[in-house]
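> build the 3D model from these lines:
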Amino acid sequence: MSKLVRFGVSLEEDLLVKFDRHIKQKKYTNRSEALRDMIRDELVKKEWTENKEVTGAITLVYDHHTRELVTKVLDVQHDYHECILSTQHIHLDHRNCFEIVVTKGKSKDIEELYQKLKSIKSVKHAGFMMATQGKDLP
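Sure thing, here's the model as predicted:
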C-alpha cells in the first residue's frame with residue numbers, strides 16, 4: 001500500500017462551497033476521497049489521449065426489426081473483434097434492444113469502433129464509458 005501524504009490546497013471560498021455541495025450530492029464522506037476520484041478520472045482520460053491499452057464499454061439501443069441493422073452492427077463488431085471482450089444483448093421490449101460491448105485495447109481502436117457503431121443508420125442511442133486496466137493507477 002502506498003504512503004499517505006497530506007498537502008494543503010488553496011481555493012476561493014465560493015469554489016470550495018460549490019465543491020462541498022457537489023461532494024455532498026455525490027455522497028462522498030470527505031474531500032480527500034472526492035479529490036482522489038477526480039484525479040483518477042483525469043489520469044484515465046490521459047491514458048485514453050495517449051492511445052494506451054485501456055478498457056471500456058459501448059452501449060447501443062436499437063430497433064432489431066429495422067432491416068439489416070443487426071447485420072450491420074455485427075459486421076462492425078467482427079471488424080473489431082480484437083478489441084471486443086464480450087457483448088451482452090438485452091431485449092427491452094418487443095422491438096427495442098440494448099447491447100453492451102465490453103472492450104479492451106488501444107484507445108484509438110475502441111473510439112473508432114464506438115464511432116462506427118454510433119453512426120450506423122437507425123441506432124437510436126449510443127453511449128461510451130472510458131475505463132482503465134488499472135495498471136498505472138495507485
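> after the one helix or strand Val70 maps to, next one along is what?
Here Val70, judged by DSSP states H and E, is contained in helix 69-79. For helix 69-79, the succeeding helix or strand toward the C-terminus, using DSSP H and E, is strand 84-91.
> who touches the helix or strand following that next one?
In the C-terminal direction, the helix or strand that comes right after strand 84-91 (DSSP H and E) is strand 96-106. With C-beta atoms under 8 Å, 6 or more residues apart in numbering as the test, strand 96-106 has contacts from 51-64, 73, 77, 82-92, 110, 113, 117, 124, 133. Placement of C-beta: from N, CA and C, glycine included.
> apply 7 Å and report the result again.
Contacts of strand 96-106 with the rest of the structure, by C-beta atoms under 7 Å, 6 or more residues apart in numbering, involve 51, 53, 55-64, 77, 82-92, 110, 113.
> just the buried ones from these?
When burial is judged by neighbour count using 16 or more other C-beta atoms under 10 Å, the buried members of the contacts of strand 96-106 are 55-60, 62-63, 77, 83-84, 110, 113.
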